[in-house]
Every structure is written in C-alpha cells, then in structure tokens.
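S.K.: sequence-free structure coming up:
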Ligand code: BEZ
C-alpha cells in the first residue's frame, strides 16, 4: 500500500553504515528525509549521495536529518562510501540503511515492479516532527534528484507549519508568500504586520513572515 501525505511514517529498526538504528529515535524531535537508491555502485546514485553529503549543513540548519536506503548490505555500502568520497569530493555524513531483504523498501513501497522487480525507484519522503509524511517524490532510476528543490520544499513545509501561509509557483526562501484563505483580512492585519497585497479576495501576498 502506498504511503500518502499525512500518513504516519512507518517506523523500523535497521542496520546502517552508522550501526543499527531505530528510525523514529534517529529523527528525534526534528524533521527527516528518507530517500532510496536503486542499487550500490551505480553512477547516478553516487553523484546524488555526494551532493546530499556536501549540502549537509543546509539540512542541519533546518533541523533535518538525512537517511538513505539502498537494497544492498551494509558491507557493500561501506565499500561504496569510499568511492563516493573519492569521486564526489564529499565524505558521506549520514547513514545508509542496509536493505538486502527489501524490508524498508517494501514498508515504503519503493519497489515498483513494472519499473524493476529488484531495484527501488528514487523515492523521497519528508517527515515532520510529529512523524507525519509531508512530501513524497518518485523519480525513475535514470533521473537524479535535485537537492535545491528538496531544500526549497523543506523551507515551504517548515514555513507553513509555523504560519497560515502557502508558497506560490517557483517560490524560493525570502520571497513573498500567500496568506491562507481561512485568514480574514482583519486577522491578516495582526498576523502579518508587514502588510499584505490583495490581488483577489482569495489571492493575498505578504512578505515572508520569518525574515
Ligand atoms: C544509477 O544510479 O546510475 C542507476 C541505477 C539504476 C538504474 C539506472 C541508473
């Protein structure tokens, strides 16, 4: 059964490159990103893991832990880690789950048999501090993900968790946001003291409230 937005993220205990861990304990009271890799020693995955490792500081700033899963064992991941450092210029600084038996991949419906019986697709799950799934992304094995986009969505999710706002098309951190329709103009004046611009009754922009 696929995982939908708002579902509780399935918890699990697994062996990883940083030792055995429990997913919920690893996330603690922060945000988390679980993402899958079709297989070890594959080229696109190698570039992705290097890029996520290089951007670890951006995730730390957002109180967000990274954890990857690949359907090979931890011993294989450890050997792959050396290649990632050598070729991508970044040391892997978050755990990769050993998932030879596909336990985590199955729990998160990461294997799509019409794409491949054995390899996962490239899934991304963003989990909030209440352990609810806030974002799912699915890419084919042949397309590498985009770290900027994942950070951008995280910023949007964290903002709308804190304020009654949503973010428009192509929004980036620092740009104007949209006031939720549930907020009256009267309430908007107090909730958004920087003011707002009303284009339509249902379309009101305000400067990003936490900047
Ligand atoms: C890759 O990471 O390069 C890859 C993995 C599985 C299938 C195709 C590409």
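M.R.: Happy to help now that I have it. Keep in mind the model is a prediction, meaning the values are calculated, not measured. Numbers count the residues shown, from 1 in each chain.

S.K.: any idea of the pLDDT on residue 90?
M.R.: On the pLDDT scale, residue 90 is placed at 96.

S.K.: Quickly find the element holding residue 158.
M.R.: In this assignment (DSSP states H and E), residue 158 forms part of helix 147-162.

S.K.: Check which helices and strands whichever helix or strand comes after that helix sits against.
M.R.: Moving toward the C-terminus from helix 147-162, the next helix or strand (DSSP H and E) is strand 165-166. If contacts are counted by 3 or more CB pairs under 8 Å, 6 or more residues apart in numbering; DSSP states H and E, strand 165-166 sits against helix 147-162, strand 177-179. For the C-beta atoms, the positions are set from N, CA and C on the backbone; glycine is no exception.

S.K.: Give the rounded mean pLDDT of the helix or strand containing residue 26.
M.R.: For residue 26, the host element (DSSP H and E) is helix 23-27. The predicted model gives helix 23-27 an average pLDDT of 98.

S.K.: In that helix, which residues are buried?
M.R.: The neighbour-count check on helix 23-27 (16 or more other CB atoms under 10 Å) flags 23-24, 26-27 as buried.

S.K.: among these, which are in reach of the ligand?
M.R.: For the ligand, no contacts are drawn from these by CB under 6 Å from any ligand atom.

S.K.: So which of those residues is the closest to the ligand?
M.R.: The nearest member of these to the ligand, counting by CB to the nearest ligand atom, is residue 23 at 23.5 Å.

S.K.: Make sure the closest one is actually in contact with residue 13.
M.R.: Yes - using CB atoms under 8 Å, residue 23 is in contact with residue 13, at 7.5 Å.

S.K.: ok, so what distance separates the residue nearest to residue 1 when sequence neighbours are not counted from the ligand?
M.R.: Among residues not flanking residue 1 along the chain, residue 109 sits closest, at 6.9 Å (CB to CB, 6 or more residues apart in numbering). Residue 109 sits 18 Å away from the ligand, going by CB to the nearest ligand atom, to the nearest Å.

S.K.: Near the ligand, which residues of this structure? Just list them.
M.R.: So the chain meets the ligand at 38-39, 42-45, 119, 141-142 (CB under 6 Å from any ligand atom).

S.K.: among the residues you listed, which ones are buried?
M.R.: Buried, going by 16+ other CB under 10 Å: 38-39, 44-45, 119, 141, out of those.

S.K.: Which of those fall in helices?
M.R.: Among those, the members found in helices (DSSP state H) are 44-45.

S.K.: The buried ones among the residues of the chain next to the ligand into JSON lines, with extra columns for pLDDT?
M.R.: Formatted as JSON lines, these follow (pLDDT from 0 to 100):
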{"residue": "38", "pLDDT": "96"}
{"residue": "39", "pLDDT": "96"}
{"residue": "44", "pLDDT": "97"}
{"residue": "45", "pLDDT": "98"}
{"residue": "119", "pLDDT": "94"}
{"residue": "141", "pLDDT": "95"}
